[in-house]
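Asks: just need the structure, nothing else, for what follows:
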Amino acid sequence: MEAIHKTIVERIDALAETLLDVSHSIHAHPELAFQERHACELLSNTLEAHDLPTETGVFTLETAFETQINADQTGPTVAVLAEYDALPGIGHSCGHNLIATAALGATLGLQAVQEQLPGKIRLIGTPAEEKGGGKELMARAGAFDGVDAAMMMHPAGVNLASMPCICVAEVEVVYHGRSAHASAMPHKGVNALDGLLLAYQAISNLRQHIRDSERIHGIVTEGGQAPNIVPDRAAGDFYVRAVNEKALAKLKPRVQACFEAGAKGSGCEVEVNWANVDYLDLKTNWPLAENFQRHAETLGREFMDWEELGGAGSTDMGNVSHRLPSIHPMLAAAPSNVVIHNPEFAKWAGSEMGDAAALDGAKTLALTAADFLLNAELRAASAKAFEVSKGLT
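Replies: Predicted coordinates for the structure are as follows:
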C-alpha cells in the first residue's frame, strides 16, 4: 500500500505544471451553468493527451464528460467528480477551477497504479452545480449506476472533513400586470412590481416564523422599464432552504402562499416556477471522510471540526450522497476570513494557495480512492455507514 501511495503522489507532483495550467485556464475563463464548453474541452483534451479516452455530452448534458480507468475490470467502482461552472458576475468565487483540477490530478495519479488496483475508476465531469442541479439530472440518466463510492473536494477558507449542507429549492416567480402611463392614467394600470414587492415583504415576515436552520432569500431580476410606465411584468429568483427533504416539503407551500398573496393584493397574475431539481442535504460517509482527512493531515493540513463552522450551504453532491456513499471534504485555498461566493475568494482560487489546495486535493482524493479499492474493510465500513445514514438528517 505504501508503494502505491508513493507512486500516486509522485505522479501528481510530476504533472503539477500541467494541472495548474488547467486550473489557471478555467479560472481565467469563467463559464455559467450548462455553458462550460471551454472547461469541458480543456479537461477532456488533457485526459486524451494522457491516453485516457474521454466521452463528452454524456448523461444528457452537453458539457458533461467521462473517462474510465480499468473499464473492463470487475470489482468495486469509485467515481471522482469534477465541477467547473462559475458564478454570474464574480467568476470562480467558489473555486470550481480547483475542484476540476483536483479531480483531474487524482485520476491521472490513479492511472499510474491502475494495474495494481482491483476495480474501476470513473472521472465524471458534472456541470451546473451552482444552478440547475447537474448531478441530479445526470443521476436520473444513470450516471451513478454501479458506482460504489463517489468523492470530490471543495475549496474553502478552512480544512473540513465535510461541508455542512442543507436542502435548497430554486424558484422563479413572474408577475403579469397591465402597463399604463404612471402619471396620466395610473388607474388604467396593474402594477406587476407591486405584486412582487408584496410577496417579497410577505416572505420577509415569514422569516420571523421559520426554524433557525431554514432560509429564504431572493432577488428582483425584472422590475419595469421606466418610472413613468406602470410595470406590466416583474420577476424574481428565490432560494428556499431547509435541513432535510421533509422540512423543505413543508416550507415550500408557505413560500408559495406568499407569492400568491402578492398576486391577490396587487391584482396581478403570477407564474411560480419551481425548479425541476431540489438540492438535498449531504449524507457524509464518515469512514471515507476520515480516511481523506488522515491523508490530508500527512500533507501538513490541520482540520477543524466541521460542526464548529456555523451556517450551511447547499450542493447537488447531496443528491449523490442519498444514492451511494459519498464525501465532499473542503481544503483551505484562502485565509479563514475569506468566504466563498465573495469576489475576494476568486482571487485566491487563482493564487499559489489555491494551487496548493488543488494539488493536495488531487493527492488526497487519489489516495482515498486507492484505499477504497484495495481495502475490503474500508469498503465494508463505508457500505455499513451508508445503510445507517438512510433516513437520518
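Asks: which SS class is the nearest residue to residue 240 once chain neighbours are set aside?
Replies: Distances taken as C-beta to C-beta, 6 or more residues apart in numbering place residue 169 nearest to residue 240, at 4.7 Å, with adjacent residues excluded. The C-beta positions use only the backbone N, C-alpha and C, and glycine is treated the same way. Taking DSSP: H, G, I helix; E, B strand; the rest coil as the rule, one finds residue 169 in the strand state.
Asks: my guess is residue 169 contacts residue 275. True?
Replies: Yes - with contact defined as C-beta atoms under 8 Å, residue 169 counts as touching residue 275 (6.6 Å).
Asks: looking at these two, which is more packed in?
Replies: Set residue 169 next to residue 275 and count neighbours by other C-beta atoms under 10 Å: residue 169 wins out with 22 against 17.
Asks: which residues touch that one?
Replies: Neighbouring residues of residue 169 by C-beta atoms under 8 Å, 6 or more residues apart in numbering: 239, 240, 241, 248, 252, 274, 275, 278, 279.
Asks: ok, now with 6 Å
Replies: Residues in contact with residue 169 (C-beta atoms under 6 Å, 6 or more residues apart in numbering) are 240, 248, 252, 278.
Asks: about what we covered before: who does the residue nearest to residue 240 bridge with?
Replies: residue 240, residue 278 (DSSP bridges).
Asks: just give me the neighbour total for residue 253.
Replies: 8.
Asks: the one 3 residues further on too?
Replies: Residue 256: 16 surrounding residues under other C-beta under 10 Å.
Asks: now residue 211
Replies: Around residue 211 there are 10 residues (other C-beta under 10 Å).
Asks: helix or strand: which one has it?
Replies: Using DSSP states H and E, residue 211 maps to neither a helix nor a strand.
Asks: can you give me the buried ones in stretch 295-315?
Replies: Within stretch 295-315, the residues scored as buried using 16 or more other C-beta atoms under 10 Å are 295, 296, 301, 303, 306, 309, 312, 313, 314, 315.
Asks: which of those residues sits closest to residue 124?
Replies: residue 315 (15.0 Å; C-beta to C-beta).
Asks: list the contacts for the closest one?
Replies: Per C-beta under 6 Å, 6+ apart, neighbours of residue 315: residue 165.
Asks: just confirm it is within a strand.
Replies: No - read with three-state DSSP, residue 315 is coil and lies in no strand.
Asks: from residue 154, how far out is it?
Replies: For residue 315, the distance to residue 154 equals 8 Å [C-beta to C-beta, to the nearest Å].
Asks: let me know the secondary structure of residue 105.
Replies: helix.
Asks: residue contacts, it?
Replies: Taking C-beta under 6 Å, 6+ apart, one finds 12, 19, 362 in contact with residue 105.
Asks: likewise for residue 231?
Replies: By C-beta under 6 Å, 6+ apart, the neighbours of residue 231 are 191, 192, 193, 224.
Asks: now with 8 Å?
Replies: Taking C-beta under 8 Å, 6+ apart, one finds 177, 179, 191, 192, 193, 223, 224, 225 in contact with residue 231.
Asks: what subset of the residues you listed is buried?
Replies: Going by neighbour count (16+ other C-beta under 10 Å), those have 177, 179, 191, 192, 193, 224 buried.
Asks: for the second one, what are phi and psi?
Replies: Spelled out, that is residue 179. Backbone torsions of residue 179, given as degrees, to the nearest 10, read phi -80, psi 150.
Asks: sweet, I'm off.
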